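*Asks:* When you get a sec, could you give me coordinates for this:
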Amino acid sequence: MTNSVHTNVAAQIALQNLTTTNTRLADVQSRVSTGLKVQGAKDNAAIWAIAQTQRADVGALGAVKQSLDRATSIADVALSAGESISDLLNQLKEKVTAAKDTSLKTQSRQLLDADFKALLRAIKSAVDNASFDGGNLLNGSLTGGIKFLANADASAFVTLSSRNLSLGGSIMELSLSDSLLSLTGATTALTKLDDSITQLNAALGEIGAQAKQIQAHNTFVSKLVDTLESGIGNLVDADLAKESARLQALQVQQQLGAQSLSIANQAPQIILSLFQG
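*Replies:* Just a heads-up that it's a prediction; the model follows:
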């Protein structure tokens, strides 16, 4: 290599190599610190675009999962209330059956009727309070049920149907106007009670089946989110073990490059020494 005081070729080459090493080192340090090999469009436009699309889907599915979680909670509250009502109907069966006894005295019949009315009021209270986040499947306020998100583009829905368990309705035929004060009233109440028990069991079975379907779909959505997030990771996540090894190697190269540049910068001094003494 020609020695020149005008152009220090060795220093230029050493500087270029050091600059390249520093650039590569900065890239590796960025990947190590963020954990990402593709942080933006400039790193890999195609991969970044795919990852962004998948991230959008994950976000949308998060909203779907929230909707399904709400559906599950509403169904759970309705089923819990329905099971309580079923227990109350069983207690009513005891009272109404006892009222069919023709030997009952007036006072005993009045006590049975008071218990009968108290249990009916408890049923009404259970129906009225079977609400979660404003959604009540049992009080007749939702004639068409409630629809919940089922997919990421909000084009499909799952429906949780309502069942009106209000007193005096098609399911709960008993009402507060029914009475056990007479044998005839007890007979009528028993017929309504038996019908109510059968119809309530069917209604709760339908709600339970829908709740199970929603729960299964919610599980699927959760697994889909996990799969998408794993796929995004495969696209953009850095291999930290490899990047750590590269980081150490580049740090050594940086030190050697700096030393090479220092040596190359001393070349003009060597030329100057040729003309001394």
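*Asks:* And the helices in the stretch 151-277 of the chain?
*Replies:* For the stretch 151-277 of the chain, the helices defined by DSSP state H, counting those that start in this stretch cover 183-236, 240-265, 267-274.
*Asks:* just for the stretch 151-277 of the chain, where's the confidence low?
*Replies:* Within the stretch 151-277 of the chain, the stretches with pLDDT under 70 are 238-240, 243-244, 247, 250, 256-257, 260-262, 264-277.
*Asks:* rerun at 80
*Replies:* Across the stretch 151-277 of the chain, the ranges flagged by pLDDT under 80 are 237-277.
*Asks:* Can you add mean neighbour count and give the helices of the stretch 151-277 of the chain back as a markdown table?
*Replies:* (C-beta placed from N, C-alpha, C; glycine too.) Shown next, in a markdown table, are those (neighbours: other CB atoms under 10 Å):
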| stretch | mean neighbour count |
| --- | --- |
| helix 183-236 | 16 |
| helix 240-265 | 15 |
| helix 267-274 | 11 |
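*Asks:* any idea how far the closest residue to Asn218 other than its chain neighbours is from Gly134?
*Replies:* Nearest residue to Asn218, sequence neighbours excluded (CB to CB, 6 or more residues apart in numbering): Leu68, at 4.1 Å. Noted for Leu68: a distance of 17 Å to Gly134, by CB to CB, to the nearest Å.
*Asks:* the more surrounded of these two?
*Replies:* Leu68 (22 against 8; other CB atoms under 10 Å).
*Asks:* From the contact counts, what lies against the host helix or strand of that one?
*Replies:* Assessed by DSSP states H and E, Leu68 sits inside helix 45-99. For helix 45-99, the packing partners by 3 or more CB pairs under 8 Å, 6 or more residues apart in numbering; DSSP states H and E come out as helix 106-128, strand 131-132, strand 135-136, strand 146-149, strand 157-160, helix 183-236.
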